[in-house]
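Enquirer: Sequence and predicted structure, then a few things I'm wondering about:
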Amino acid sequence: MSRARDNADLGDSYGSLGAGVTGGSGLTALGTVTEGNLSNSAIVYPTGHVLQVLTTVDDGMSSTADESQWHTVHTISITNVLSGSIIHIMAAIGGALTETGGQVGFRIIDSVGGILAQGQSSTGGANSWHAVLPTLMGKDTSPLVGTNTYSIQYAPTVDPTAYYNYDATTGHYTRSFYQIMEVVG
């Protein structure tokens, strides 16, 4: 037989391994896993391996004309974060501005106020509402081991009233979507 044929010989069609499998005879030579969990410190995952993913949908509406500070509209937490991980946060936000010209900014911050992502939308005030639908993507390269909480904030500038998940009683129920993912760093 050729060497390629020998390497490809996996035995009969009933699942037995061929004699060429090293380390013993058959699957039992590989040992028996009696217990384990994903947070076992002996497990070594490759860089970029996804450890956990959480998603949330927020349909709570709020508005503000207060230009003096950022306003938190949503928080998302991830627990059991391992040492050396990286956290990716994605936000698809449903917002709006009144017909008055101006801007509104949205951002993602970590628990100590570090800005991970920020975006802005503006309108010239053409006597119509202006949709604000930013998509933000942030990355926390040094999260805490354990629980990490991230906040989505917004703030208007100049004149407009800014809205988060505005539905104007249309029944369309604007929502914002969030995904947070822990990967091996």
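Expert: Perfect, I can see it now.

Enquirer: May I see the buried residues of stretch 81-94?
Expert: Val81, Leu82, Ser85, Ile86, Ile87, His88, Ile89, Met90, Ala91, Ile93, Gly94 (16 or more other Cβ atoms under 10 Å). No exception for glycine: its C-beta is placed from N, CA and C like everyone else's.

Enquirer: What segments of the protein are strands?
Expert: 50-58, 62-64, 71-81, 85-92, 95-97, 102-109, 115-123, 130-132, 135-140, 146-158, 162-164, 176-184 (DSSP state E).

Enquirer: so of the ones you listed, which one's packed in deepest?
Expert: strand 162-164 (a mean of 26; mean count of other Cβ atoms under 10 Å).

Enquirer: list the helices and strands that one packs on?
Expert: strand 62-64, strand 95-97, strand 146-158 (3 or more Cβ pairs under 8 Å, 6 or more residues apart in numbering; DSSP states H and E).

Enquirer: Save these as TSV, and put in distance to Tyr166 and mean pLDDT too.
Expert: Compiled in TSV, the helices and strands packed on strand 162-164 are given as follows (distance: least, Cβ to Cβ, whole Å; pLDDT from 0 to 100):
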stretch	distance to Tyr166	mean pLDDT
strand 62-64	7	86
strand 95-97	4	70
strand 146-158	12	91
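
Enquirer: Which of the ones you listed sits closest to Val132?
Expert: strand 95-97 (3.6 Å; Cβ to Cβ).

Enquirer: So Ser83 is in contact with Gly146, correct?
Expert: No. Taking Cβ atoms under 8 Å as the definition, Ser83 is not a contact partner of Gly146, at 9.8 Å.
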